[in-house]
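Have a look at this prediction, sequence included:
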Amino acid sequence: MKILLVLSLAGLCTAAVVPSADFDRSVMKFISDNEYKGGQVGVMIEDRLAFAKGYGKNHEHQDIYVHNLIPVGSLSKAFTAVTILKLVEDGSLDLNAKVFGKGGILSAFKPWDEATVDQRLYDITVDHLLRHTGGWDYTKSKLMEPLLNSALLANGYNIENITAEMKLPELTTPIEVIRFMMSRPLDFTPGTQSAVSNLGYSILGQIIEMITDFDYDEYVKKHVMIPCGMMYTKIGRPHVFAKTRDTNEPLMSDVAKVSPEFVGPALGWESNMYDIMRFSRCLDGSGDFKILSDKSLNSLIAKPSAVPVQHSNSWIGAAFTVNSRGSIWIEGEFFTDDLLFFHHGPLVKDAATQQSNAAPGMPSAYGAFFTGQMFNPTKSSIHNLVKAEKSWSDENLFLDDVADVKTKYGKIEQVVKYQLEEHHLHGYARALSLLRYDIKWINGFSYKKKTYFVVIAQKVEKPLFDKVLITPGLTEATLTQHKLHLEKSGFNLTYLQNYMSHSHGGSVFLAVFRKNSYSNSTVIRYGLQHYTQSYKKLIELYAEEGYIPTSQSLMYNGVDGLVSFILQEDENRKSQKDYRSYEGITQSRLNKLVTGNAKYKRKLVYLDEADYFGKPQFSAVFVNDKVNSMLFNSKLSVKDMSKIIQREQMYGKLPRIIVAYGDKGSLWYAMFLEK
């Protein structure tokens, strides 16, 4: 009878609906049916990443996960277009400025053969290049795509050999191709037709370099990628493909002939779905930051003025194809892998209600980047797959990217990252701030000749945009300059660490600046690389005046210990807090000091580690304060820490301090948790 009852109840159970499961299966089927090797797909719902996944293999027959970098082909043009419009916003560039000839932005660029120049060349403006109306159409040109000349020749196309014509051993820079094309007839009068032109966007890359005096990729990273929290995106590197070439590999796979750097502004970037969807969020401002003003976005989607598309439902705008509803998209080209980036519209329909073109709770943007080139109608196919899904995840998958472990207790939400590469820090910090996560602890460390950071960040209610600045890689001089400059804007130095950076080639500083962090009664003193003995005498003197150390970073120069510090005094405090500070202590002594100070109600507020001839030495500060239930452990692995964090969060103990250190070739962590 009991068995029958169980079976009866089981029969009444309804299978749980797994968010996005149907869409996931549909994508896998689409990849299989179209014989793609693999790809990445992502979907935005309003301001959150509701779906992100990697599938199959890349061209090198390696597994694709959602965090892996993939070539983004023609989406590279969007990065270039946004940079150009940012320069226009800043007043550094005029869209109507002429490009070539006397008075042109690139007046220094001379045609390879002055005798064969099409005089219409000197009518080309920045706006023509931006909207693909510059006068070049590879479908009509005998050269086809000049930037890919070497790859086309290698693949058997019967076209003119630019290298041979110019009598060069090889084409080493796109400038050589640009000079050659300046000597060739245009395919149409500039401004009268639209035709996607990689050459035009390569020229825009040269304009960015000329205007800014920065390398193209360096400037785009600093002014577009980092502000948008895009920590991974970069100009691609040549890949080594299998010796047996598959039939569905695009021409851009022949990187032995075309380096991604060569076609950077048009086709050369690589990214992953996390960063691609961050770019989407940055375009529409669904987070706390919008990369372009509404005026610039209107320029981005505007119809080319003299091109006969005024009565069309869609047209080529700046990098994107645009329709009359304000939606924008970019697809793959004849020379690249199939791809789609689609956004329902970066400009909202109703400025008063901030209602977007996408219905509430429905996808606002999505991306699909595949391994292979099948010339299929990608846009309509992916659109139908997205439209068919009725149950999207309520989670924000951006958090999966920024966190190794997520914690929650009551209203407190935290993310912890154990090993963040130094070159990702600027973008990572920005990505956190756009998710409204405030970095509460950060510590740099070296392991196996690389530099990393461990980070603890906590969810906050208010926007953090431009209120917290994380600045690694500072020298003594640049740290002082930053401090003086930022103080004029109301920023205070609140955290300091001296760490070894392999990318900077030695000892540098990490500084955290917060806007209006201190009250008017707070006085700050800081010092860099004081010998430990002189530091001890110094803090004894300042202790008599009521100062306590809030940062006390340790570094060794041979046998000499060097301390960099921040001392803080609150003139309005009625009584001075009791504190203890220690430098050059071993791991075993550190454990005893944490326990001993806890008996006197002093808790750990700062911890740092330095390598002393292969042995870890610690610097610690304990302050008498309200002591809650706490836990300290050292010599922990990542697995150990994750178990402890997940277990202790149930009791309200959350990580406050984590420091990584090497010992006998292994990486360990010391962690302090507090309720």
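Received it, and whenever you're ready, just let me know what you need.

pLDDT score assigned to Asn384?
With respect to pLDDT, Asn384 has a value of 95.

what does the one 3 residues further on give?
What the model reports for Lys387 is a pLDDT of 95.

what element comes up after the host helix or strand of it heading to the C-terminus?
Assigning secondary structure by DSSP states H and E places Lys387 in helix 378-388. Sequence order places helix 398-402 as the next helix or strand after helix 378-388, per DSSP H and E.

So which other helices or strands are in contact with that next one?
strand 48-56, helix 273-284, strand 412-421, helix 425-434 (3 or more CB pairs under 8 Å, 6 or more residues apart in numbering; DSSP states H and E). To be clear about C-beta, it is placed using only N, CA and C from the backbone, and glycine gets the same treatment.

List the buried residues for the first one?
Residues 48-56 are the ones in strand 48-56 that count as buried (16 or more other CB atoms under 10 Å).

These into a markdown table, with extra columns for distance to Tyr582 and pLDDT?
Compiled in a markdown table, those are given as follows (distance: CB to CB, whole Å; pLDDT from 0 to 100):
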| residue | distance to Tyr582 | pLDDT |
| --- | --- | --- |
| Arg48 | 44 | 94 |
| Leu49 | 44 | 97 |
| Ala50 | 48 | 97 |
| Phe51 | 49 | 97 |
| Ala52 | 45 | 98 |
| Lys53 | 48 | 97 |
| Gly54 | 47 | 98 |
| Tyr55 | 52 | 98 |
| Gly56 | 53 | 97 |
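
Let me know the closest of these to Lys615.
Gly54 (41.2 Å; CB to CB).

and which of the buried residues of strand 48-56 is nearest Arg602?
Using CB to CB, these come closest to Arg602 at Arg48, 41.7 Å.

Apart from its chain neighbours, what residue comes closest to the closest one?
Nearest residue to Arg48, sequence neighbours excluded (CB to CB, 6 or more residues apart in numbering): Asn396, at 3.9 Å.

That neighbour against Arg436, yeah?
No. Contact criterion CB atoms under 8 Å: Asn396 and Arg436 do not qualify, at 10.8 Å.

A strand includes Glu461, no?
No. Glu461 is assigned coil when assessed by DSSP: H, G, I helix; E, B strand; the rest coil, not a strand.

residues touching the closest residue to it other than its chain neighbours, list them.
Leaving out its chain neighbours, the residue that sits closest to Glu461 by CB to CB, 6+ apart is Arg436, at 7.3 Å. By CB atoms under 8 Å, 6 or more residues apart in numbering, the contact list for Arg436 reads 288, 459-464.

can you list those residues in JSON lines and add distance to Thr471?
As requested, these are exported to JSON lines (distance: CB to CB, whole Å):
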{"residue": "Asp288", "distance to Thr471": "20"}
{"residue": "Lys459", "distance to Thr471": "23"}
{"residue": "Val460", "distance to Thr471": "20"}
{"residue": "Glu461", "distance to Thr471": "25"}
{"residue": "Lys462", "distance to Thr471": "22"}
{"residue": "Pro463", "distance to Thr471": "20"}
{"residue": "Leu464", "distance to Thr471": "15"}
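
Show me the two of those that sit farthest apart.
Maximum distance among the contacts of Arg436 (CB to CB): 13.4 Å, for Asp288 and Lys459.

What is the burial count for Val563?
Around Val563 there are 29 other residues, counting by other CB atoms under 10 Å.

and what of Val405?
For Val405, using other CB under 10 Å, the count is 17.

repeat for Glu331
By other CB under 10 Å, neighbour count at Glu331 equals 20.

isn't it right next to Thr378, touching?
Yes. Using CB under 8 Å, Glu331 makes contact with Thr378 at a distance of 5.8 Å.

low-confidence ranges in the stretch 201-350 of the chain?
Where the stretch 201-350 of the chain drops to pLDDT under 70, the residues are 238-257, 309-311, 348-350.

Tell me which stretches of it form helices.
Using DSSP state H, counting those that start in this stretch, the helices of the stretch 201-350 of the chain run over 216-220, 264-267, 273-284, 294-301.

Quick one: the ones you listed as JSON lines, columns for mean neighbour count too.
Formatted as JSON lines, the helices of the stretch 201-350 of the chain follow (neighbours: other CB atoms under 10 Å):
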{"stretch": "helix 216-220", "mean neighbour count": "21"}
{"stretch": "helix 264-267", "mean neighbour count": "27"}
{"stretch": "helix 273-284", "mean neighbour count": "26"}
{"stretch": "helix 294-301", "mean neighbour count": "18"}
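
Among the ones you listed, which comes closest to Lys601?
With CB to CB as the criterion, Lys601 lies closest to helix 273-284 of the helices of the stretch 201-350 of the chain, at 43.4 Å.

Determine the angle, from 0 to 180 degrees, between that closest one and helix 294-301.
Between the axes of helix 273-284 and helix 294-301, defined by axes from the mean of the first three to the mean of the last three CA atoms, to 10 degrees, the angle is 120 degrees.

tell me which strands and helices helix 273-284 is in contact with?
When contacts are defined as 3+ CB pairs under 8 Å, 6+ apart, helix 273-284 sits against strand 38-45, strand 48-56, helix 76-89, strand 339-343, strand 363-371, helix 398-402, helix 425-434.

Kindly export the very next helix or strand once past the longest one (C-alpha atoms) in PDB.
Which is helix 76-89. Next along the chain after helix 76-89, taking DSSP H and E as the criterion, comes helix 126-130. Provided in PDB are the C-alpha atoms of helix 126-130 (Å, rounded to 0.1, in the frame of the first residue of the first chain):
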ATOM      1  CA  VAL A 126      35.600  60.800 -41.900                       C
ATOM      2  CA  ASP A 127      31.900  60.400 -42.100                       C
ATOM      3  CA  HIS A 128      32.100  58.700 -45.400                       C
ATOM      4  CA  LEU A 129      34.500  56.100 -43.900                       C
ATOM      5  CA  LEU A 130      32.400  55.700 -40.800                       C
END
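
Now find how far off-centre helix 126-130 is within its chain.
Offset of helix 126-130 from its chain centre (CA atoms, centre = their mean, to the nearest Å): 27 Å.

Would you map the strands across the stretch 151-300 of the chain?
With strands called from DSSP state E, counting those that start in this stretch, the stretch 151-300 of the chain shows them at 234-235, 269-271.

surely Trp392 meets Ile45?
Yes. Applying CB under 8 Å, one finds Trp392 in contact with Ile45, separated by 5.5 Å.
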